[in-house]
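> Just to be clear, the model below is a prediction. Sequence and coordinates:
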Amino acid sequence: MNRYELHIHTAECDKAAAMPAAELVRRYHEAGYAGMVVTDHYFDIFDEWFADELKGMSRKEYIHRWLKGYYAAREEGERLGFVVLPGAEVRFKDTKNDYLIYGVDEQFFYDSPPLSELGSVEWLVNALPKNACVVQAHPFRNDMTVRVPTPLFGLEGFNGGNSRFRNQMAKTFAEHYGKPITSGSDYHGGKHRFAVGGIETPKLIKTPKDLTDVLRSGEYTLIEKY
């Protein structure tokens, strides 16, 4: 069986994260994972954290900087034979809900409009490649807005930062609407949340399409460690 982390943040792109991308890859590799999706924050908090560095950048330069953690993770992953895929945690302006994107390559981010400015899940889904998946992250965390999840692929039913009760609420909600459930550690560094989430599957995932094919097939089990 192969284990993959689906929700993780790098110190290169997240000032709340304590671990550089290359170290993340090494530690997850040592923990027996086969790969990860780097889901750094894609919304205005990134702009606030790195405002001085981003000032005057072109759109291409901005995206290249935002992908810095992914690129560092991928480089270390290639050295170790560990799969690193690009993803994102998107939040629209003046909202609190977060959405995880799976099934895109890095070129998508260079070519797409600013995703956090799209304003709705429906517009986000329409902006993505056909096979991509949008999953609401930690839907029952404080300040989240509960909504009928029709446009979503699924919901994060296990989040390493949530209590068992809140994760169970997310699972019950997803099951009620017949939506797939995913799991992610939402790891930011330190001992807390490290390698507590993700999926386990008999399939080998090497590309963004491989990942979404597995998610859509349901051929996986959730990793859930409290």
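That came through fine. Numbering: from 1, shown residues only.
> can we go C-alpha only for contacts and neighbour counts from here?
OK.
> and Glu48, what element?
helix 44-49 (DSSP states H and E).
> meant to ask about Gly161
Here Gly161 is assigned to no helix or strand, by DSSP H and E.
> For the chain, list the residue farthest from the centre, please.
Distance from the C-alpha centroid of the chain peaks at Gly56, with 27.5 Å (CA atoms, centre = their mean).
> Grab the nearest non-local neighbour of the residue nearest in space to the middle of the chain.
Closest to where the C-alpha atoms of the chain average out (CA atoms, centre = their mean) is Thr39, at 3.4 Å. Nearest residue to Thr39 in three dimensions, chain neighbours excluded: Ala88, at 4.0 Å (CA to CA, 6 or more residues apart in numbering).
> Which residues are in contact with that neighbour?
Ala88 is in contact with Val38, Thr39, Asp40, His41, Tyr42, Tyr99, Leu100, Ile101, Tyr102, counting by CA atoms under 8 Å, 6 or more residues apart in numbering.
> Can you classify Glu156 as helix, strand or coil?
Of the three states, Glu156 takes strand under DSSP: H, G, I helix; E, B strand; the rest coil.
> Isn't it up against Phe140?
No. Applying CA atoms under 8 Å as the test, Glu156 and Phe140 come out as separate, 9.7 Å apart.
> Looking at those two now, which is surrounded by more residues?
Legend: neighbour count by other CA atoms under 10 Å for Glu156 and Phe140, higher for Glu156 (25 against 22).
> For the more buried one, give me the pLDDT.
We note a pLDDT of 98 for Glu156 in this prediction.
> What segments of this protein are strands?
2-5, 35-38, 41-42, 83-86, 88-90, 99-102, 133-136, 154-159, 181-184, 197-201, 221-224 (DSSP state E).
> how about those, which one is nearest Lys15?
Nearest to Lys15, of all the strands of the chain, is strand 41-42, at 10.5 Å by CA to CA.
> what's in contact with stretch 160-178?
138-141, 149-150, 154-159, 180-181, 184-187, 193, 196-197, 225-226.
> try 7 Å
Stretch 160-178 is contacted from outside by 139-141, 155, 157-159, 180-181, 184-186, 193, 196-197, using CA atoms under 7 Å, 6 or more residues apart in numbering.
> Run the chain-centre distance for that stretch.
With CA atoms, centre = their mean, to the nearest Å as the basis, stretch 160-178 stands 17 Å off its chain's centre.
> can you check stretch 79-96 too?
For stretch 79-96, the distance to the chain centre is 4 Å (CA atoms, centre = their mean).
> So what would you say the end-to-end distance of that stretch is?
37 Å (CA to CA, to the nearest Å).
> in that stretch, what's buried?
Phe82, Val83, Val84, Leu85, Pro86, Gly87, Ala88, Glu89, Val90, Arg91, Phe92 (16 or more other CA atoms under 10 Å).
> Okay, helices next: where are they in this structure?
All helices of the chain, identified by DSSP state H, fall at 21-30, 44-49, 51-54, 59-66, 68-80, 106-111, 121-127, 164-176, 208-217.
> returning to that earlier point: can you redo the contacts of Ala88 as a markdown table, where the extra columns are distance to Thr201 and pLDDT?
Below are these laid out as a markdown table (distance: CA to CA, whole Å; pLDDT from 0 to 100):
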| residue | distance to Thr201 | pLDDT |
| --- | --- | --- |
| Val38 | 19 | 98 |
| Thr39 | 20 | 98 |
| Asp40 | 24 | 97 |
| His41 | 26 | 96 |
| Tyr42 | 28 | 95 |
| Tyr99 | 23 | 98 |
| Leu100 | 20 | 98 |
| Ile101 | 19 | 98 |
| Tyr102 | 16 | 98 |
